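Q: Any chance you could fold what I've pasted below:
(one chain, ligands or ions: 2)
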Amino acid sequence: MISTDRMAAIDANAAALGVPRKQLMESSGNAVARVVRSVAEPGESVELVCGRGNNGGDASVAARFLSGYDVTVHLLGRPESITTDIAGENWETLVNAGIPTESVVDAGSLEFGTADVVVDAMLGTGISGALRDPERTAAERINDAGEARATVVSVDVPSGIDADTGAPAGGADAVAVDADHVVTFHDEKPGLGSLSVELTVADIGIPEAAERFTGPGDLLGIGRASDSHKGENGEVLVVGGGPYTGAPTLSARAALRAGADLVRVACPAAVAREVQGFSENLIVHGLSGETLGPSHLARIRELAADHDTVVFGPGLGDAEATLSFVREFLAEHEGRIVVDADALRVVPDMETSAELICTPHQGELEAMGGKTAADPDDRAALVGEFAADLGHTLLVKGAVDVVASPDGEVRLNRTGNPGMTVGGTGDVLAGTVGALAATTDPFEAAATGAYANGLAGDSAAETNGDGLVATDLIDRLPQALYDE
Ligand SMILES: NC(=O)C1=CN([C@@H]2O[C@H](COP(=O)(O)OP(=O)(O)OC[C@H]3O[C@@H](n4cnc5c(N)ncnc54)[C@H](O)[C@@H]3O)[C@@H](O)[C@H]2O)[C@@H](O)CC1
Ligand SMILES: [K+]
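A: Ligands and ions are numbered 1, 2, ... in the order given. Okay, the predicted model is just below:
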């Protein structure tokens, strides 16, 4: 089962692996034609109704795979109005090849009374809102044909239906195609199971790696709305510092560069001036003393309640009083917390209703009671089991990062390079994930953060080789995350 957003991400990841969308469209069209062949004899009439997006493109391809049938392809609109290059190219091929085509200006003129099969390729996952004309009227004509004698085969999803919910897009009363058969691609979509249709899930050649590994598609879900206000894109609180001052500052600066609107640092007063000195972009709260401990609990809770995410741990140290403060904070807080460094060790034996994203390296993972293995697939399975046991998201850092959700989803990240073993890159990652988790679910935030952090590191290595330092990554985060 795969949501339409995740499908779009996998599609982009497949393209990055060398399988461009036009190639996928060729496979999709072929799969549609195979289903048509299974419901109609050669010589029978097949009317294909194309919208102006890639859903329509799939049917233009299908028409080429239906030699021997009495095929007509109807485009809803003028060829110039086709919205994607690949759908436009496939339409042009039909015209060049002399396959019967028609550009429909008035859908009221459509008439499929004698058709044996009608292929509905008007709208797929690109639908927004209730069907508008000409698709709306065309859907009514297709349904009339279905009630008469035609078998209606929908491409990807019946047009008018939201593939994620199975309900008509734009409300229960909206018009949608009443399909007999749906050919969907790669994996079942959440909404299709509730429809009374025969369902074919076609393998269109998307490599497993497009789903298993992070890629540019994983960046599609992030980025701010053009009309957003200050604070809407995340407020992050970094709690750390004491024995160290660089670590919390790196996390905080990374959170800003990863797109958070406001980043505050809560640290011992003894180091507050130093932390502030690193960056005028941060808001620093100094709390009495040289390390954080139980006496600061009330103040940190109060601050944390006003933030979308808390990044907990960078530079805190492992003094007994500090760890007991960490334990108490994690147990009571109810929001999202990225837990890093020394704070990680208290996670395994505690109950909390907070959503934790734990970011251990292999050694810290083992200290938490998790297991590791040399083979990446074995390691992925072990991390997945451990995340389920903990009930929290894990991002285990390594040459290949393993990200696992509490419900067993696992993704691997291959970006990054050996130069990133330098101190501070983990603090940068924690801050990045903290910023992303303010607006994205924990598992996606962790996967996207690992991917972008590695890309920033790869870009830093191009300039500085093994001499790269953590601040090089921070400067490159915006390009890694937000450059198309
Ligand atoms: N990996 C993938 O995601 C693949 C997707 N493919 C196909 O691509 C489809 C998605 O293509 P697109 O993203 O181009 O989107 P669609 O083809 O589903 O729809 C886009 C078009 O519909 C119009 N539109 C949107 N809402 C409307 C409404 N309510 N009434 C009337 N018109 C409306 C838009 O203006 C645009 O022209 C999938 O459903 C599938 O069939 C396949 O070609 C291959 C692989
Ligand atoms: K469709």
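Q: how about low-confidence regions in the stretch 151-300 of the chain?
A: For the stretch 151-300 of the chain, the stretches with pLDDT under 70 are 223-228, 230-231.
Q: Just the closest residue of it to ligand 1, please.
A: Asp156 (3.6 Å; Cβ to the nearest ligand atom). (Each C-beta comes from the backbone N, C-alpha and C, glycine too.)
Q: ok, and the residue of the stretch 351-484 of the chain found nearest ligand 2, which helix or strand is that part of?
A: Using Cβ to the ion, the closest approach of the stretch 351-484 of the chain to ligand 2 is made by Glu444 at 27.2 Å. Per DSSP states H and E, Glu444 falls inside helix 442-464.
Q: helices or strands next to that helix in the packing?
A: Applying 3 or more Cβ pairs under 8 Å, 6 or more residues apart in numbering; DSSP states H and E, one finds that helix 442-464 contacts strand 355-358, strand 393-396, strand 401-404, strand 410-413, helix 425-437, helix 470-482.
Q: Turn the ones you listed into a markdown table, including mean pLDDT.
A: As requested, those are exported to a markdown table (pLDDT from 0 to 100):
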| stretch | mean pLDDT |
| --- | --- |
| strand 355-358 | 98 |
| strand 393-396 | 98 |
| strand 401-404 | 98 |
| strand 410-413 | 97 |
| helix 425-437 | 98 |
| helix 470-482 | 96 |
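Q: Please work out which of these is packed deepest.
A: Comparing those by mean neighbour count (mean count of other Cβ atoms under 10 Å), helix 425-437 comes out on top with a mean of 31.
Q: now the angle from it to helix 442-464?
A: Computed by axes from the mean of the first three to the mean of the last three Cα atoms, to 10 degrees, the angle separating helix 425-437 from helix 442-464 equals 130 degrees.
Q: rewinding a little: please tell me I have it right and the residue of the stretch 351-484 of the chain closest to ligand 2 contacts Gly221.
A: Yes: at 6.1 Å, Glu444 counts as touching Gly221 under the criterion of Cβ atoms under 8 Å.
Q: and the two? which has more neighbours close in?
A: More crowded of Glu444 and Gly221, by other Cβ atoms under 10 Å: Glu444, with 22 against 17.
Q: Let me see the contact set for that one.
A: Shown in contact with Glu444 (Cβ atoms under 8 Å, 6 or more residues apart in numbering): Asp218, Gly221, Leu436.
Q: can we see that at 10 Å?
A: 5-6, 9, 218, 221-222, 393, 403, 405, 409, 411, 436-437 (Cβ atoms under 10 Å, 6 or more residues apart in numbering).
Q: before we move on, what about Gln362?
A: Contacts of Gln362 (Cβ under 10 Å, 6+ apart): Gly370, Thr372, Arg379, Val396, Lys397, Gly398, Ala399, Val402.
Q: swap in Thr471?
A: So, once contact is read as Cβ under 10 Å, 6+ apart, Thr471 ends up touching Gly246, Thr249, Leu250, Arg253, Ala254, Phe278, Gly424, Val428, Ala460.
Q: Look at the third one and tell me its secondary structure.
A: The three-state label for Leu250, taken from DSSP: H, G, I helix; E, B strand; the rest coil, comes out as helix.
Q: Ok, the fifth one next?
A: Secondary structure assignment for Ala254 (three-state DSSP): helix.
Q: tell me the contacts of it?
A: 236, 238, 260, 263, 311, 424-425, 427-435, 449, 453, 456, 470-471, 473-474, 477.
Q: Count the neighbours of Glu418 for me.
A: Residue 418: Pro, not Glu. With other Cβ under 10 Å as criterion, Pro418 counts 10.
Q: quick revisit: can you give the distance of the helix holding Glu444 from its chain's centre?
A: Centroid separation for helix 442-464 versus its chain: 15 Å, with Cα atoms, centre = their mean, to the nearest Å.
Q: Next, the buried residues of it.
A: For helix 442-464, the neighbour count (16 or more other Cβ atoms under 10 Å) marks 442-461 as buried.
Q: coming back round to it: need the helices and strands packed on helix 442-464 in JSON lines (columns: distance to Arg336).
A: As requested, the helices and strands packed on helix 442-464 are arranged in JSON lines below (distance: least, Cβ to Cβ, whole Å):
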{"stretch": "strand 355-358", "distance to Arg336": "5"}
{"stretch": "strand 393-396", "distance to Arg336": "9"}
{"stretch": "strand 401-404", "distance to Arg336": "15"}
{"stretch": "strand 410-413", "distance to Arg336": "18"}
{"stretch": "helix 425-437", "distance to Arg336": "5"}
{"stretch": "helix 470-482", "distance to Arg336": "19"}
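Q: Ligand 1: which of the ones you listed is closest?
A: The nearest among those, by Cβ to the nearest ligand atom, is strand 410-413 at 17.7 Å.
Q: Over to the residue sitting nearest the centre point of the chain: give its phi and psi.
A: Residue closest to the average C-alpha location in the chain (Cα atoms, centre = their mean): Asp218, at 4.6 Å. The phi and psi values for Asp218, taken as degrees, to the nearest 10, are phi -70, psi -20.
Q: Mind checking which of the contacts of Gln362 are buried?
A: Judged by 16+ other Cβ under 10 Å, buried ones among the contacts of Gln362: Gly370, Thr372, Arg379, Val396, Lys397, Gly398, Val402.
Q: These: which ones sit near ligand 2?
A: Counting by Cβ under 5 Å from the ion, the subset of the buried ones among the contacts of Gln362 that neighbours ligand 2 is empty.
Q: ok, these vs ligand 1, which is closest?
A: Val402 (25.2 Å).
Q: Next one: the closest one from Ala381, what distance?
A: From Val402 over to Ala381 the distance is 9 Å, taken as Cβ to Cβ, to the nearest Å.
Q: Could you export the contacts of Thr471 as CSV, including distance to ligand 1?
A: Formatted as CSV, the contacts of Thr471 follow (distance: Cβ to the nearest ligand atom, whole Å):
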residue, distance to ligand 1
Gly246, 43
Thr249, 41
Leu250, 37
Arg253, 36
Ala254, 32
Phe278, 44
Gly424, 38
Val428, 32
Ala460, 32
